[in-house]
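S.K.: what follows is a protein structure lacking sequence information:
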């Protein structure tokens, strides 16, 4: 259940919007707005009939009565954009005596009854401190069922007057965080899909799904996100990312800073349309929160020279011209030693994840982003239609997307496996190789670690989703991998060979955690490899 909070100053304007119908020809109108909950007086006066304009005005007058009776003003800080400082600056105060929150379900969850929504609304306003359950005078409030939105989300709207019955002001301090926490508790209480308080992903609306079903093809955003993720993970610079994205068949265009043609602040991508169709563009942030250009740039070096190279590639893509550089790393073929080194890095990463604190969300997100990118790149190379590799990439990408990334510290340094995406993208054929099998074992072990982190953190839904996709979809795929192979290059006198197919199958029997002492069954110990190249164990390979 997703809460969305706004504040305003006109109760009548909000209620007229909430009671709007198609007959009113109002933007975002709804066909069946009706009450499901509210304070005692409201529920005594109105039944569950469709609300009209007169009802909206009367309800707004009732909700606003304490504020007018006590002549109380509720103010909040206002801000404006300063074009010189290029940031928001204080701009006095504005009236904010109306608190409004929509509660919506994911489209996949269907609809709730009015009784269910009424119970949820009452519990929600109690938890938010707006009723006598807080030990203070109550606020007047109302909950209106708007039915199903154009995107397929069944939802209600809650309007609250922030002036209590005794003329005191209700506090909204920390209301965004409290609303999220309350929704998680209500999801458990009412058996709804439990969304993560840490991770958040983009949903798909009904129109996208209907189009995909009609055309018998994958949803645009899913395909775009996988190609962008693969291209970004495989790239060491921004310019390389633009070229790789174009190589996957994507149309790419930059978003420039205002009044400039060389400062890129965002991007959009689209699949090449069929004859007679127009491209459907999506911004990077609408694909996934970690695919915004700003988030991608955190993984790439920055310098005036690299920025100039990137701008040149963006501009060429925008004009549908040939790539500026035709000799980039994406055209090189990695050596066998590079496959060995990244397999070692993946092994070292698993070892580090075993002892990584479960609440280091930024570092877990980075690890999930890299392994998801590896599976996305492998899917692009091997799967003509989305298969187990694409499904695994999509599921792991959920952990890569943090709901509020700025509130977490930066990720700690870990052995990097970002370059594994480059290896898969550069594979010379679609034949599965022993080197891929060796690397896959360690990628699966990384997925085990992410699964276990969710399991032990109490995020059962996320853990179950990862378990399902790995055991049900990757297991048959693993059975097709070559065997046996040697993982890494052994130290002299200590040969170490592992039948990868057997090891992967053992691990896939039950998505068990890696940390010892857990309540869940144990997993096979990952293959140990030895460094002999002079690098420190787990050293990040230069890309």
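M.R.: Structure's in. What do you need? This is a predicted model, so every value here is computed, not measured. Numbers count the residues shown, from 1 in each chain.

S.K.: for residue 223, helix, strand, or coil?
M.R.: With DSSP: H, G, I helix; E, B strand; the rest coil as the basis, the three-state label of residue 223 is helix.

S.K.: neighbours around it, how many?
M.R.: 20 (other CB atoms under 10 Å). C-beta here means a position set from N, CA and C on the backbone, and glycine is covered the same way.

S.K.: so it makes contact with residue 270?
M.R.: No. Between residue 223 and residue 270 there is no contact under CB atoms under 8 Å: 10.5 Å.

S.K.: nearest spatial neighbour of residue 172, chain-adjacent residues omitted?
M.R.: residue 99 (6.3 Å; CB to CB, 6 or more residues apart in numbering).

S.K.: doesn't residue 169 make contact with that neighbour?
M.R.: No. Contact criterion CB under 8 Å: residue 99 and residue 169 do not qualify, at 11.0 Å.

S.K.: ok, back up a step: next up, identify which helix or strand the residue nearest to residue 172 is on.
M.R.: Assigned by DSSP states H and E, residue 99 falls within strand 98-104.

S.K.: please tell me how far residue 55 sits from residue 144.
M.R.: Using CB to CB, to the nearest Å, residue 55 is found at 10 Å from residue 144.

S.K.: any shared contact partners between the two?
M.R.: Taking CB atoms under 8 Å, 6 or more residues apart in numbering as the criterion, residue 55 and residue 144 both touch residue 19.

S.K.: neighbour count for the two, which is higher?
M.R.: Between residue 55 and residue 144, counted using other CB under 10 Å, residue 144 has the larger neighbour count: 25 against 18.

S.K.: contacting residues around residue 359?
M.R.: Residue 359 neighbours (CB under 8 Å, 6+ apart): residue 457.

S.K.: how much space between it and residue 459?
M.R.: Residue 359 is 12 Å from residue 459, by CB to CB.

S.K.: ok so, going back, how about residues contacting the strand holding residue 99?
M.R.: Residues contacting strand 98-104 (CB under 8 Å, 6+ apart): 1-11, 14, 120-121, 124, 130, 149, 153-162, 170, 172, 175, 179, 183.

S.K.: repeat that for stretch 296-305.
M.R.: Counting by CB under 8 Å, 6+ apart, 232, 235-238, 241, 284, 290, 306, 418 sit against stretch 296-305.

S.K.: list just the nearest of these to residue 426.
M.R.: The shortest gap between residue 426 and any of the contacts of stretch 296-305 belongs to residue 235, at 11.8 Å (CB to CB).

S.K.: my read: the closest one touches residue 247, true?
M.R.: No. Using CB under 8 Å, residue 235 is not in contact with residue 247; the gap is 10.7 Å.

S.K.: who touches both of these two?
M.R.: In contact with both residue 235 and residue 247: residue 330, using CB under 8 Å, 6+ apart.

S.K.: between those two, who's got more neighbours?
M.R.: residue 235 (28 against 17).

S.K.: against residue 67, how distant is that one?
M.R.: The gap separating residue 235 from residue 67 is 55 Å, by CB to CB.

S.K.: cool, residue 238 as well?
M.R.: According to CB to CB, residue 238 stands 52 Å off from residue 67.

S.K.: same check, this time on residue 462
M.R.: 43 Å.

S.K.: list the buried residues in stretch 419-431.
M.R.: 419-427 (16 or more other CB atoms under 10 Å).

S.K.: in strands, which of these appear?
M.R.: Of those, none are assigned to strands by DSSP state E.

S.K.: going by distance to residue 78, which of the residues you listed wins?
M.R.: Once CB to CB is applied, the member of these that ends up nearest residue 78 is residue 421, at 44.9 Å.

S.K.: thought the closest one was touching residue 233?
M.R.: Yes. In this structure, residue 421 is within contact of residue 233 by CB under 8 Å, at 3.6 Å.

S.K.: between these two, which contacts overlap?
M.R.: Common contacts of residue 421 and residue 233 (CB under 8 Å, 6+ apart): 370, 373-374, 376-377.

S.K.: so which of those comes closest to residue 445?
M.R.: Using CB to CB, the shared contacts of residue 421 and residue 233 come closest to residue 445 at residue 374, 12.6 Å.

S.K.: tell me the helices in the stretch 251-400 of the chain, going along the chain?
M.R.: Along the stretch 251-400 of the chain, the segments classed as helices by DSSP state H, counting those that start in this stretch run 284-287, 293-297, 304-318, 336-354, 361-382, 388-400.

S.K.: just send those helices back as TSV, with mean pLDDT and distance to residue 228 too.
M.R.: Formatted as TSV, the helices of the stretch 251-400 of the chain follow (pLDDT from 0 to 100; distance: least, CB to CB, whole Å):
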stretch	mean pLDDT	distance to residue 228
helix 284-287	89	6
helix 293-297	93	9
helix 304-318	93	13
helix 336-354	90	21
helix 361-382	92	9
helix 388-400	92	11
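
S.K.: poorly predicted segments of the stretch 401-543 of the chain, please.
M.R.: 404-408, 428-429, 483-543 (pLDDT under 70).

S.K.: all helices of it, in order?
M.R.: So, for the stretch 401-543 of the chain - with DSSP H, counting those that start in this stretch - the helices run 419-426, 434-456, 460-469, 475-478, 500-508.

S.K.: one more: the stretch 51-200 of the chain?
M.R.: 53-70, 114-127, 175-190.

S.K.: among these, which is the most enclosed?
M.R.: helix 114-127 (a mean of 19; mean count of other CB atoms under 10 Å).

S.K.: tell me what that one is packed against?
M.R.: Helices and strands touching helix 114-127, by 3 or more CB pairs under 8 Å, 6 or more residues apart in numbering; DSSP states H and E, are strand 34-38, strand 98-104, strand 141-148, strand 154-161, helix 175-190.

S.K.: and the ones you listed as TSV, adding mean pLDDT and distance to residue 332?
M.R.: Below are the helices and strands packed on helix 114-127 laid out as TSV (pLDDT from 0 to 100; distance: least, CB to CB, whole Å):
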stretch	mean pLDDT	distance to residue 332
strand 34-38	91	61
strand 98-104	92	48
strand 141-148	89	51
strand 154-161	92	51
helix 175-190	88	46
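
S.K.: residue 411 against residue 363, yeah?
M.R.: Yes. The criterion here is CB under 8 Å, and residue 411 meets it with residue 363 at 4.0 Å.

S.K.: how far does stretch 245-261 stretch from one end to the other?
M.R.: 21 Å (CA to CA, to the nearest Å).

S.K.: buried subset of the contacts of strand 98-104?
M.R.: Using 16+ other CB under 10 Å as the burial test, these include 1-3, 5, 7, 11, 14, 120-121, 124, 130, 149, 153-162, 170, 172, 175, 179, 183 as buried.

S.K.: count the residues that sit near residue 258.
M.R.: Residue 258: 7 surrounding residues under other CB under 10 Å.

S.K.: from residue 98, how far off is residue 464?
M.R.: Counting by CB to CB - residue 464 and residue 98 are separated by 40 Å.

S.K.: also residue 3?
M.R.: Residue 3 sits 16 Å away from residue 98, going by CB to CB.

S.K.: try residue 356
M.R.: From residue 356 to residue 98 the distance is 44 Å (CB to CB).

S.K.: ok, those two, which is more surrounded?
M.R.: residue 98 (25 against 17).

S.K.: in space, what's closest to that one - neighbours in sequence excluded?
M.R.: Distances taken as CB to CB, 6+ apart put residue 8 closest to residue 98, at 4.5 Å, once the chain neighbours are dropped.

S.K.: so who does that neighbour touch?
M.R.: 14, 96, 98, 100.

S.K.: could you pull up phi and psi at it?
M.R.: phi -150, psi -170 (degrees, to the nearest 10).
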